[in-house]
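Peer 1: just a sequence and a predicted model for now, questions to come.
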Amino acid sequence: MRPIIEFCTNNMHHGTDKLFKKLEQNADYDVIEYGCLGNCGECYVLPFALVNGEIVAASTADELEAAIKDKIKEIEAMFDLLGE
């Protein structure tokens with residue numbers, strides 16, 4: 001399973017631009033930037049990304065990185081449990 005991590009261009013003012021560039025360098029992830037992900041309320045308030053279509057948000061970009069990695073581990077564990 002190759003995680004898809006999606007970022008909103010309009011959310012980059014929270015520091016997610018640096019996180020986007022960092023994660024983009026990891027060959028284990030597909031990292032995509034969109035002009036808008038349609039989560040304007042979330043986008044304005046907190047750093048966030050979508051991981052396989054699920055919102056992951058945190059107070060800071062550093063916390064978001066940790067939350068994204070935790071979500072990926074959670075997804076991988078689910079796939080392992082299902083034997084996929």
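Peer 2: Looks like it came in fine.
Peer 1: quick one: buried residues of the helix or strand of the chain with the lowest mean pLDDT?
Peer 2: Within the chain, confidence by mean pLDDT, DSSP states H and E is lowest for helix 40-45 among all helices and strands, at a mean of 84. By 16 or more other CB atoms under 10 Å, the buried positions in helix 40-45 come out as 42-43. Any C-beta I mention is one placed from the backbone N, CA and C, and that applies to glycine too.
Peer 1: parallel or antiparallel, which strands does whichever helix or strand comes after it pair with?
Peer 2: For helix 40-45, the following helix or strand on the C-terminal side (DSSP states H and E) is strand 48-51. Using DSSP bridges, strand 48-51 pairs in its sheet with strand 4-8 (antiparallel), strand 54-57 (antiparallel).
Peer 1: for the first one, what is the distance to the chain centroid?
Peer 2: A distance of 5 Å separates the centroid of the chain from that of strand 4-8, by CA atoms, centre = their mean, to the nearest Å.
Peer 1: what about that strand, average pLDDT?
Peer 2: On average, the pLDDT along strand 4-8 is 96.
Peer 1: so for the next helix or strand after that strand, what gets flagged as buried?
Peer 2: Toward the C-terminus, strand 4-8 is succeeded by helix 16-24 as the next helix or strand (DSSP H and E). Buried positions in helix 16-24, judged by neighbour count with 16+ other CB under 10 Å: 16, 19-20, 23.
Peer 1: gap between Glu76 and Ala49?
Peer 2: Between Glu76 and Ala49 the computed distance is 17 Å (CB to CB, to the nearest Å).
Peer 1: if we can go back for a sec, with pLDDT and distance to Glu54 added, can I get the buried residues of helix 16-24 in CSV?
Peer 2: Written out in CSV, the entries for the buried residues of helix 16-24 read as follows (pLDDT from 0 to 100; distance: CB to CB, whole Å):
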residue, pLDDT, distance to Glu54
Thr16, 94, 16
Leu19, 96, 17
Phe20, 95, 17
Leu23, 95, 16
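Peer 1: return the member of the residues you listed nearest to Asp80.
Peer 2: Nearest to Asp80 among these, counting by CB to CB, is Leu23 at 22.1 Å.
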